[in-house]
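Asker: Here is my input; please provide its structure:
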Amino acid sequence: MTSGTQPPQADPGNPQHPEANASAPHETAPRPDMQPPAPAAPAAQDPAAPQTAYPAAQDPTASPAAYPQDPASAYGAPEMQPPAPNPEHRPAESTLPPTGYPAAQAPAMPPSAYQTDPAAPSGAPAMAAPVQQPYAAPQADQSAWWHPAAASDPWRDPGSRAVIETRPAPHAPAPEPLPARVPRSRPALGIVIAVSAVTALIAGVLGAAIGIWATRSDSGNGSFLGAEPQVERDVDSVAGVVEQIMPSVVTVLTADGGNGSGFIVSDDGYVLTNHHVVVGGGTEAAETLQVLFSDGNVTTAEVIGSDPDSDVAVLRIEGDEHPAMVLADSDQVAVGDPVLAVGAPLGLSSTVTEGIVSAIDRPVLTENNNGEVESVMAAIQTDAAINPGNSGGPLTDIAGQVIGINTAIASTAAEGEAGNIGIGFAIPINQAKRIADEIIATGTASHTVLGAELGESELGIGVTLSKVLDGSPAADAGLQDGDVVTSFNGNMVAENTELIALIRKLAPGTVVTVVYERDGEEHSAQVTLEAATD
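Answerer: Coordinates of the predicted model:
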């Protein structure tokens, strides 16, 4: 604890009344309701005792006898008597102990403010007893906290010798010592220096090499960031495959202002497309059409022939060095194989979409411009985007080999032109190639038949042969009227369209196994398909 060196702070609640805001007196200061102890008689000064706490050399106005020493003092310090107030009502500068206020700033006190108490006990510091004075309001030029009539407070009285009692700290057990720290081994200074030197050397050499390389390889565009872009693609990638096959794909411009697609299948200029592309908005195939190449060139193509039943047509362009596409074996296609559809959907030439084979041997009926069923096919179904304008373009495997001709799409549109919903169909290339070869060779195409009329389709498995024609492939194999065909060439059949599509997919002369039921018993027969004679 230290004695305060600042006057008490006023309470903002009542700054006009100093008593209402006065701080409580310190516990060592005498209070008005307590009588101070009688002072002890001053002891005679011992000539052998040391000098006073305030030497005369520091206080020229004080005599050696002004502060007699008391060897029996309880505090081991010389007993001191306050000097008599001077005529100017302030303590002599040389007789005051150090306070928080310089002598020049000490407030003036009247001579009657302190009185010596003769009953103070021996050995205790002499203390002046405060004299009770009636309270008087401070004048305008006086501080409320230093009014002469206020109760004596040794902490704010420059002439007071307040005593601070100190007590020894209670005994406490010694703190528990911390465990000794185990020093960590450090690498030798020489090793650290050697490693640092080698690392700095490697970093410097590497940085210099990179800087030289960047300077020499700079293309002059002012850029120092990034590596040279990779512009060559693997031929096995989709981009590489498309780059190879795109020159073989053409856009077929129809007479009604529309368009379809096609692709070159021989170096002497034969082009495959759909029958409904070459007829345009009419019913008869055009004699010539314009075709647009992927490089922007346009040329005239001759319509060699077309087959409405299979929806295949053949064109030919002049020249004998055209890039032909490779035709795959569509019988080897499996569900899930990745595919590419290339063409000019909605007139957007050289468009590529990607998907997979969703199904094979899907029976599909297509109609002509009069709304009549024109072709039936066992199609390859795909989810690659196919739209109007894609008709006649190639459906390829991931290597760019043709597996079918994009022909039709499923739609939920009630009216107007339909768009892609992820269900498209392509004529298997094996069937299209056979038809195209016949068209090129003879100008027409043959159609494979079983030689029987089909009955009404019923819910369930199997197709009923309502009438088997005499001399037909079915009759030669022993089939009779009323037989129910349940399997054709290893495929289960459930409706008439499915059986017709599977028959037309195959070439005449193909031998197939037919499983049928007669009178509740299952039988099988080997049937050699033939071409229709009409």
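Asker: And the strands in the stretch 301-450 of the chain?
Answerer: 312-317, 338-343, 351-367, 373-382, 394-397, 402-409, 424-428, 448-449 (DSSP state E, counting those that start in this stretch).
Asker: A474: which of these is closest?
Answerer: Closest approach to A474 among the strands of the stretch 301-450 of the chain is made by strand 448-449 (9.0 Å; Cβ to Cβ). All C-beta atoms are positioned from the backbone trio N, CA, C, and that covers glycine.
Asker: The helix or strand following that closest one packs against which elements?
Answerer: Downstream of strand 448-449, the next assigned helix or strand under DSSP states H and E is strand 452-454. Strand 452-454 is packed against strand 463-468, helix 496-505, with contacts defined by 3 or more Cβ pairs under 8 Å, 6 or more residues apart in numbering; DSSP states H and E.
Asker: returning to what we had before: between the strands of the stretch 301-450 of the chain, which one is closest to E232.
Answerer: Nearest of the strands of the stretch 301-450 of the chain to E232, taken as Cβ to Cβ: strand 351-367 at 19.2 Å.
Asker: partners of the closest one, with directions?
Answerer: Within its sheet, and counting by DSSP bridges, strand 351-367 is paired with strand 338-343 (antiparallel), strand 373-382 (antiparallel).
Asker: Could you dump those strands into CSV and include distance to G240, mean neighbour count and mean pLDDT?
Answerer: Written out in CSV, the entries for those read as follows (distance: least, Cβ to Cβ, whole Å; neighbours: other Cβ atoms under 10 Å; pLDDT from 0 to 100):
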stretch, distance to G240, mean neighbour count, mean pLDDT
strand 338-343, 12, 24, 97
strand 373-382, 21, 23, 94
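Asker: which phi and psi does the nearest residue to A410 once chain neighbours are set aside have?
Answerer: With Cβ to Cβ, 6 or more residues apart in numbering as the measure, I423 is the residue that lies nearest to A410, at 3.9 Å, once sequence neighbours are left out. With angles defined as degrees, to the nearest 10, I423 sits at phi -130, psi 100.
Asker: burial count for I423?
Answerer: For I423, the neighbour count with other Cβ atoms under 10 Å is 17.
Asker: ok now do the residue lying closest to G343 once chain neighbours are set aside, which residues does it touch?
Answerer: In this structure, G343 finds its nearest non-sequential neighbour in G393, 2.8 Å apart by Cβ to Cβ, 6+ apart. Applying Cβ atoms under 8 Å, 6 or more residues apart in numbering to G393 gives the contacts 249, 260-263, 341-344, 405-406.
Asker: And the pLDDT at G419?
Answerer: What the model reports as pLDDT for G419 is 84.
Asker: again with the one 10 residues further on
Answerer: According to the per-residue confidence, I429 scores 97 in pLDDT.
Asker: V252 now?
Answerer: On the pLDDT scale, V252 gets 97.
Asker: do the one 3 residues further on as well
Answerer: At A255, the model reports a pLDDT of 83.
Asker: likewise the one 10 residues further on?
Answerer: According to the predicted model, the pLDDT of V265 comes to 96.
Asker: ok, now how distant is it from D483?
Answerer: Using Cβ to Cβ, to the nearest Å, V265 is found at 40 Å from D483.
Asker: and what of T251?
Answerer: Taking Cβ to Cβ as the measure, T251 falls 48 Å from D483.
Asker: burial of V527, as a residue count?
Answerer: Using other Cβ under 10 Å as the criterion, the residues surrounding V527 number 26.
Asker: And the helix or strand containing it, what does it pack against?
Answerer: Element membership of V527, judged by DSSP H and E, is strand 521-528. The contact analysis (3+ Cβ pairs under 8 Å, 6+ apart) places strand 521-528 against helix 473-476, strand 511-518.
Asker: Need the residues that contact the following helix or strand past that strand.
Answerer: Counting by DSSP H and E, the next helix or strand C-terminal to strand 521-528 is strand 530-531. In this structure, residues lying in contact with strand 530-531 by Cβ under 8 Å, 6+ apart are 446-449, 451, 472-473, 508-509.
Asker: residues touching the residue nearest to A410, list them.
Answerer: By Cβ under 8 Å, 6+ apart, the neighbours of I423 are 358, 381, 383, 409-410.
Asker: Check whether T251 really touches N259, as I assumed.
Answerer: Yes - using Cβ atoms under 8 Å, T251 is in contact with N259, at 5.6 Å.
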